[in-house]
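**Q** Got a predicted structure plus its sequence, pasted below:
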Amino acid sequence: ARRDYGAAEAAAREVLAGRGARGQDGQLLLGDAMLGRRDYANAAIAYDDAYKRNRQSARAPEAMVGLANAFIGLNAKREACDTLNNLRSEFPRLSGNVATRASEARGRAGCR
């Protein structure tokens with residue numbers, strides 16, 4: 001929120017180094033930091049890792065939206081739309097902030 005991406009990245013790496021139960025949170029924070037820095041390739045890797053850590057967690061949809069946004073940053077709109085379509089299939093009852101962010105990403109990617 002403060003756009004201090006260096007501090008966010010440092011905090012994420014600290015969480016990841018601990019190898020605790022908060023690994024998915026650390027990966028998401030790392031993805032957010034990389035996305036904020038416009039390092040879309042590394043953001044995509046971080047979000048994909050977050051999703052793969054626990055595909056059934058409450059934060060998995062957030063990871064997929066982040067991955068789609070990283071793809072949009074890379075101008076890989078087909079991959080972004082594929083990710084958002086998978087999100088819709090895997091989590092058909094999204095609501096709140098994640099649903100709003102997914103809808104906005106669909107618009108930016110030009111998904112059908």
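**A** All right, it came through fine.
**Q** so which strand or helix has the spatially most central residue of the chain?
**A** By C-alpha atoms, centre = their mean, the chain has its centre lying nearest to residue 66, at 2.2 Å. Residue 66 belongs to helix 60-73 when elements are defined using DSSP states H and E.
**Q** what element comes up after that helix heading to the C-terminus?
**A** Going down the chain from helix 60-73, the next helix or strand is helix 77-90, by DSSP H and E.
**Q** Can you name every helix or strand that the helix holding residue 66 contacts?
**A** With contacts defined as 3 or more C-beta pairs under 8 Å, 6 or more residues apart in numbering; DSSP states H and E, helix 60-73 has these neighbours: helix 23-36, helix 40-53, helix 77-90, helix 96-109. Placement of C-beta: from N, CA and C, glycine included.
**Q** And that helix, what's buried?
**A** Within helix 60-73, the residues that count as buried by 16 or more other C-beta atoms under 10 Å are 60-73.
**Q** number of nearby residues for the nearest residue to the residue nearest to the centre of the chain once chain neighbours are set aside?
**A** Spatial nearest neighbour of residue 66, excluding adjacent residues (C-beta to C-beta, 6 or more residues apart in numbering): residue 47 at 3.9 Å. Here the neighbour count serves as a burial measure; for residue 47 (other C-beta atoms under 10 Å) it reads 28.
**Q** Can you list the buried residues in the helix or strand of the chain with the lowest mean pLDDT?
**A** Sorting the helices and strands of the chain by mean pLDDT, DSSP states H and E puts helix 5-18 at the bottom, at a mean of 81. Judged by neighbour count (16+ other C-beta under 10 Å), helix 5-18 contains these buried residues: 5, 8-9, 12, 15-16.
**Q** and of these, the nearest to residue 52?
**A** The shortest separation between residue 52 and any of the buried residues of helix 5-18 is 13.8 Å, and it belongs to residue 16 (by C-beta to C-beta).
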